[in-house]
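Q: Take a look and give me a structure for this.
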Amino acid sequence: MDIETRIRVLNSILDKPKQQQAVEQELLAAKGDLSVASAALKGKLLHKALQKLQVADLVASAVGDQPEVAKAILSKPGIKTPRDVAKLNVDQLIELIAPVAKPGTKAYQQAKSQAIAINNQSFAREPLTVLQRMTHEDELPITDAKVRTRLGTFLNNIPADTDIRIAPIHEVMKGSKGKDKFGQTLRKKKIAHLSFSQVAAVEFCQQRYFLNYIQAVQLDPEPNYFIKGKLLHQFIASSYLKIANARKIDPSSYSKIINRYYEDPHRRHLENAVQVHLENLWQGYQIIGVEEPFVIVVDKKLPPLVGVIDLLMKKDNCLIIVDHKTGNNFYPPDELQMAIYYRFIKQMFPKKKIKIYYDHYRWVNNLNRIRKPALMRTEVVLPSSYWKDALVRIRDGYRIMETIKEEKWAKRQGECFRCPFRQVCWSD
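A: Numbers count the residues shown, from 1 in each chain. Okay, here's the model as predicted:
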């Protein structure tokens with residue numbers, strides 16, 4: 001549905017021109033995404049009107065340019081939120097959409113198709129509420145009455161605001177050690193999720209995303225800079241874990257691992273990076289977490305968003321997020337990654353001050369003969385519009401990902417010389 005049509009459908013349930021103008025303005029700025037526009041609309045619309053818009057948005061996403069359907073559903077007393085719509089079964093929705101239509105007629109069949117579409121959209125946005133209703137109404141294909149009763153009891157005891165999609169991700173988080181294993185396990189178990197890496201990949205090149213995340217192509221041999229980056233991350237994580245547990249750091253143990261993997265010049269790169277790291281350890285901070293996986297729900301229309309924070313520390317009333325990067329040269333941090341980290345920590349600790357730092361290690365052969373530093377430590381200051389900007393990128397990226405999955409094809413668009421998949425990509 002195009003933006004103009006969505007604006008028209010949503011405005012059809014409002015009767016004040018000033019409110020309609022505000023909705024049009026904010027939806028245009030948010031590229032038609034109500035969840036993005038809602039933050040700005042909170043100061044311009046009453047909460048009741050915003051809830052009605054959310055219902056209309058759900059219906060519009062399901063049936064398209066049918067404003068009369070949204071009006072019909074909202075006319076029922078007690079329908080105020082998308083969760084209220086999720087409590088309605090197909091027959092109840094048909095009765096609201098086409099109250100006088102007889103079974104077997106064209107009007108009834110059309111209303112039934114619309115009701116099923118709304119039901120499906122409700123499940124995407126309010127899965128727990130739909131499952132609770134289906135269990136209560138014996139819609140789930142469970143023949144054993146005792147099992148059905150126990151499931152109903154279990155679902156009804158889950159708080160209404162719980163997003164059940166994150167439960168399997170939490171299970172993976174409990175058993176995952178290290179940032180690579182976390183993502184690998186989610187993909188292996190085919191647990192729906194989004195990540196900064198996925199968004200960055202599809203933005204860089206759709207074909208790269210397709211090869212990496214859809215076809216799960218394994219690079220053989222794995223590029224040296226992948227291995228070096230992983231090893232340095234492991235060394236850094238290990239050192240901060242030892243500090244957190246008041247244990248001594250043994251640099252010689254790192255050298256043994258490095259020698260097992262590499263000869264010069266890569267060995268020197270890693271040894272120098274470890275030396276630079278140990279000389280620039282964060283001192284005087286309480287270490288809260290090292291390579292901490294997390295999950296956050298940013299929008300009910302999107303899969304849960306996951307990530308791993310390299311280092312989280314505390315000093316006084318301030319939390320410090322540190323992200324580690326490696327490379328031959330310095331490059332600026334991606335604000336999207338920092339925005340996701342900041343958003344998660346802010347939700348967890350709303351009263352704390354939060355700072356973000358970007359520790360970028362540069363591979364060097366000789367620390368005594370360098371003209372620019374081997375470590376660039378930069379504080380990242382996000383703009384006031386950081387989350388609005390982040391959501392636009394996440395949603396745009398997800399839309400492209402879904403198109404790629406549906407079409408099972410992706411176009412080449414990135415700078416191929418910078419892509420680790422270039423040999424695979426051009427070999428077909």
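Q: From here on, just use CA atoms for contacts and neighbour counts.
A: OK.
Q: what bits of the stretch 301-428 of the chain have low per-residue confidence?
A: Along the stretch 301-428 of the chain, the model assigns pLDDT under 70 to residues 427-428.
Q: can you map out the strands along it?
A: For the stretch 301-428 of the chain, the strands defined by DSSP state E, counting those that start in this stretch occupy 305-315, 318-327, 353-362, 375-380.
Q: Need the residue closest to the centroid of the chain.
A: Against the mean C-alpha coordinate of the chain, by CA atoms, centre = their mean, the closest residue is Leu305 at 2.2 Å.
Q: Touching, it and Val295? I think so.
A: Yes - Leu305 is within contact range of Val295, at 5.6 Å (criterion: CA atoms under 8 Å).
Q: Considering only helices and strands, which part of this protein has the lowest mean pLDDT?
A: Taking mean pLDDT, DSSP states H and E as the measure, the helix or strand of the chain with the lowest value is helix 251-261, at a mean of 79.
Q: Next, the buried residues of it.
A: 254, 258 (16 or more other CA atoms under 10 Å).
Q: Flag every buried residue along the helix or strand following that helix.
A: The helix or strand immediately downstream of helix 251-261 is helix 266-279, counting by DSSP states H and E. For helix 266-279, the neighbour count (16+ other CA under 10 Å) marks 266-274, 276-277 as buried.
Q: Mind putting the residues you listed into JSON lines with distance to Ala72 and pLDDT?
A: Formatted as JSON lines, the buried residues of helix 266-279 follow (distance: CA to CA, whole Å; pLDDT from 0 to 100):
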{"residue": "His266", "distance to Ala72": "67", "pLDDT": "85"}
{"residue": "Arg267", "distance to Ala72": "69", "pLDDT": "87"}
{"residue": "Arg268", "distance to Ala72": "70", "pLDDT": "90"}
{"residue": "His269", "distance to Ala72": "67", "pLDDT": "91"}
{"residue": "Leu270", "distance to Ala72": "65", "pLDDT": "92"}
{"residue": "Glu271", "distance to Ala72": "69", "pLDDT": "91"}
{"residue": "Asn272", "distance to Ala72": "68", "pLDDT": "93"}
{"residue": "Ala273", "distance to Ala72": "65", "pLDDT": "94"}
{"residue": "Val274", "distance to Ala72": "65", "pLDDT": "94"}
{"residue": "Val276", "distance to Ala72": "66", "pLDDT": "96"}
{"residue": "His277", "distance to Ala72": "63", "pLDDT": "96"}
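Q: can you put those residues in a markdown table and add distance to Glu335?
A: Below are those laid out as a markdown table (distance: CA to CA, whole Å):
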| residue | distance to Glu335 |
| --- | --- |
| His266 | 29 |
| Arg267 | 31 |
| Arg268 | 31 |
| His269 | 27 |
| Leu270 | 27 |
| Glu271 | 30 |
| Asn272 | 28 |
| Ala273 | 25 |
| Val274 | 26 |
| Val276 | 25 |
| His277 | 24 |
